[in-house]
Structures are given as C-alpha cells and as structure tokens.
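Trainee: just coords:
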Ligand code: DGY
C-alpha cells in the first residue's frame, strides 16, 4: 500500500501529479483558506506524511494524533509553526525548504526597502487616483538608498544576499548576528556590530532573523528610540520579532521615519489595524518567496524530502536531526 500524504493547501496539478506517482494523496480543497484545525486533527490520524505551510500550527496535539506520521514537509524555510521537540519525541522528521528561496526573498526584502524609501506605493496610488496635477519640486520626495548604511539583523543566507544587493547600491553594510559571518565580512565588507551600535548607525534597519525564543519581541519601543529619526525599518522575517504596538507608537511619535513590513504578528493582519492607517507604512501580505519559480521549487523540495524519507534516504533539508 502506498503511504498517505495529506496536503494542507491546494497545490498546482503538476505537484499533485508528482506526489501521486508515489503516494495516496488527500488534499485540502482551498488555496487561500487555511485548513481548519479540526480537519487537520482528523486527517493526521491516518496520514503517513503531511505537506504543510507556515500557517499550520504543528504542536503536541497534532503529533500525538498522528499515530502513523513519519514526516512533515513544511513549505517554508522558517519552521516556527512547528514544535520541534514534540516532533522529535514522536519520531517525526521535520523538513523545510531553504536555499531555493534565498534570492527571491532577498529581492523582495530589498524591493520593500526601495519601495518604502522612495514612497512607491503611495506614488502609484497618487497617479491612479488622478491626484497628479503637475510636476512639482518636492512631490512625493522620498529618501536616497544609495550610499546609505544598511543594518542587517540576522545575517543568514537571505541576509547575505540582501547585503550583496546593498553592495550594488554602494551602501555601507553593518550587521548583527549570533555569530560573525566571515564570508560577508570578506566578500562584501560587512562590519559586525552590537545591536545597539547597529540601531544607532543604520539608515535602514532590516530584520531577517528567524523567530526563536531569543528573537521574539526583540524590537520594542526602546529599540526604535535608539534608531535615527530618519531611519526606515524593514521586516521580512517574522512578525512576532516586533512589538507592533511599539512600532506604531514609534512611527506616530517620529522616533523613526517609516516602515516596510512583509510580515505581521497575526496573519492576515486586519485592514483596520492601526499600523495600516499610517501613510509611512508599506505593508505586503507575506510574499517574500512568492514568485512562480520559487514557490514551485519549494514544493519540489517538499516532494524530494518526502521521497527520501520513504526510501530510507537522508532528506535534503532535515531540521530535527
Ligand atoms: C518562509 O519560507 O519561511 C517564508 O516566510 C514563507 O515563504
């Protein structure tokens, strides 16, 4: 009998066809609506494998219910939605999708930085709303990116590629990370700083750190107050790293100039959220890795990992060793 894979979002036909070569496939019917918790808890009882997304909370209750569960292939590089200790206690392998999304996510982080600095969303709306009356000297004037200082918090794979993009804009690169990153220092001239030094020096503070016990709530009002008044804050990693109330107050009080956010505490963020009422906030719906090529590559990585596990081979990207 073929192993049963439960897929928690509707995936493209080509991926389903690949899965069907090796498995019985059961799949949640919607692409843009999360699988309800009770459905996940019911489906996991029979499943040998799950293919999940970041909005699926994989905790003790799920792992305890998954009597046959061998592997969870999470379609993301981040796996903060998964209780790894619990997975390991239940002998479930957890795999993620690093590498294939590095460049794409770095592109988006840098695009968000540019869009926020140059007020591109506001400007595009201005044209579409018919508000453009004439060329004028200070119309929608933003701030320069080139030759400024970028402060990268979290110099992992994506951080390093954002630094590469920044080098192309002649930016000075400073970073804060758990460990020194020799390649970024040698190849890109990145300079390691304490978090406080980085906050004080950077024109753009770009958060790319993973969400962990240590990074949760890392950005409070105090951190925003340590930034330059004309600094721009970008978050393209995980919402809970930032205290959103503190960010709102900082933007209102003029502690910093603007923010570009691809991630939020609660996703989707409500349209009536105070942050979304601010003109100097550019908000995106967590689309860091969202290109057709990369999303397909992430799904293929999930398939590769499932195939390895069921063939008793080491998966490419196992998270819980
Ligand atoms: C990730 O991969 O962790 C992203 O946040 C989801 O694409």
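Mentor: Structure's in. What do you need? Since we're looking at a predicted model, the values are computed, not measured. Numbering: from 1, shown residues only.
Trainee: show me the contacts for residue 219.
Mentor: 207, 233, 235, 241, 242, 243, 246, 247 (C-beta atoms under 8 Å, 6 or more residues apart in numbering). For every residue, glycine as well, the C-beta is placed using N, CA and C.
Trainee: are any of these buried, and which?
Mentor: 207, 233, 235, 241, 242, 243, 246, 247 (16 or more other C-beta atoms under 10 Å).
Trainee: tell me the contacts of the fifth one?
Mentor: It refers to residue 242. Going by C-beta under 8 Å, 6+ apart, residue 242 touches 207, 217, 218, 219, 235, 265.
Trainee: would you point out the most distant pair within the contacts of residue 219?
Mentor: By the measure C-beta to C-beta, 207 and 246 form the most distant pair in the contacts of residue 219, at 13.4 Å.
Trainee: tabulate the contacts of residue 219 in TSV, adding columns for distance to the ligand and secondary structure.
Mentor: Listed next are these as TSV, based on distance: C-beta to the nearest ligand atom, whole Å; DSSP: H, G, I helix; E, B strand; the rest coil:
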residue	distance to the ligand	secondary structure
207	12	strand
233	18	strand
235	11	strand
241	12	helix
242	15	strand
243	20	coil
246	22	helix
247	19	helix
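Trainee: so which residues on the stretch 51-200 of the chain come close to the ligand?
Mentor: With C-beta under 6 Å from any ligand atom as the criterion, the stretch 51-200 of the chain meets the ligand at residues 54, 76, 77, 78, 101.
Trainee: identify the residue spatially nearest to the second one, adjacent ones excluded.
Mentor: This means residue 76. residue 54 (4.7 Å; C-beta to C-beta, 6 or more residues apart in numbering).
Trainee: got a list of contacts for the lowest-mean-pLDDT helix or strand in the chain?
Mentor: Least confident helix or strand of the chain, by mean pLDDT, DSSP states H and E, is helix 182-188 with a mean of 96. Applying C-beta under 8 Å, 6+ apart, the set of residues contacting helix 182-188 from outside is 155, 159, 160, 163, 164, 166, 167, 173, 175, 190, 191, 192.
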